[in-house]
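**Q** Take a look and give me a structure for this.
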Amino acid sequence: MYDIVAVSWVDTMNSNGWDTIAETVEMEPAPVVTVGFLIKKTKDKVVVAHGLSGDSALGATVIPAAWVKSIDVLRAA
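**A** Next comes the predicted model:
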């Protein structure tokens, strides 16, 4: 079984069109919280799945470990 976790991390931020350079340099990475089953955690990545069935995972998110701010266990396996 796998722990259910809330992973707080930062993601890249993109604009949709033309911005002034002043607006562009003020952009910040987007804060994100992903909730799901912690499938794997290494020094390079954190893998969270949103659903499990047998040996299959649904909706996996692979997050670079350097982008992760915290991992809170919501329910231990």
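**Q** Thr24 falls within a helix, correct?
**A** Yes - counting by DSSP: H, G, I helix; E, B strand; the rest coil, Thr24 is located in a helix.
**Q** Distance of the nearest residue to it once chain neighbours are set aside relative to Trp9?
**A** Nearest non-adjacent residue to Thr24, counting by C-beta to C-beta, 6 or more residues apart in numbering: Ser15, 7.1 Å away. For every residue, glycine as well, the C-beta is placed using N, CA and C. Distance from Ser15 to Trp9, counting by C-beta to C-beta, to the nearest Å: 20 Å.
**Q** How about Ala77?
**A** Between Ala77 and Trp9 the computed distance is 21 Å (C-beta to C-beta).
**Q** Also Val46?
**A** Using C-beta to C-beta, Val46 is found at 8 Å from Trp9.
**Q** any shared contact partners between these two?
**A** 63, 68 (C-beta atoms under 8 Å, 6 or more residues apart in numbering).
**Q** Trp9: how many residues sit nearby?
**A** 22 (other C-beta atoms under 10 Å).
**Q** er, Thr34 actually
**A** Neighbours around Thr34, by other C-beta under 10 Å: 18.
**Q** tell me which element it falls in.
**A** Per DSSP states H and E, Thr34 falls inside strand 30-41.
**Q** Check which residues of the helix or strand just after that strand are buried.
**A** Sequence order places strand 45-49 as the next helix or strand after strand 30-41, per DSSP H and E. Neighbour counts over strand 45-49 (16 or more other C-beta atoms under 10 Å) mark 46-49 as buried.
**Q** just checking, next helix/strand downstream of strand 45-49?
**A** strand 51-53.
**Q** How about residues contacting that following strand?
**A** By C-beta under 8 Å, 6+ apart, strand 51-53 touches 2, 36-37, 57-59.
**Q** Generate CSV for the residues you listed, with pLDDT and neighbour count as supplementary columns.
**A** Putting these into CSV (pLDDT from 0 to 100; neighbours: other C-beta atoms under 10 Å) gives the following:
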residue, pLDDT, neighbour count
Tyr2, 97, 16
Gly36, 98, 23
Phe37, 98, 20
Ala57, 97, 17
Leu58, 97, 11
Gly59, 96, 10
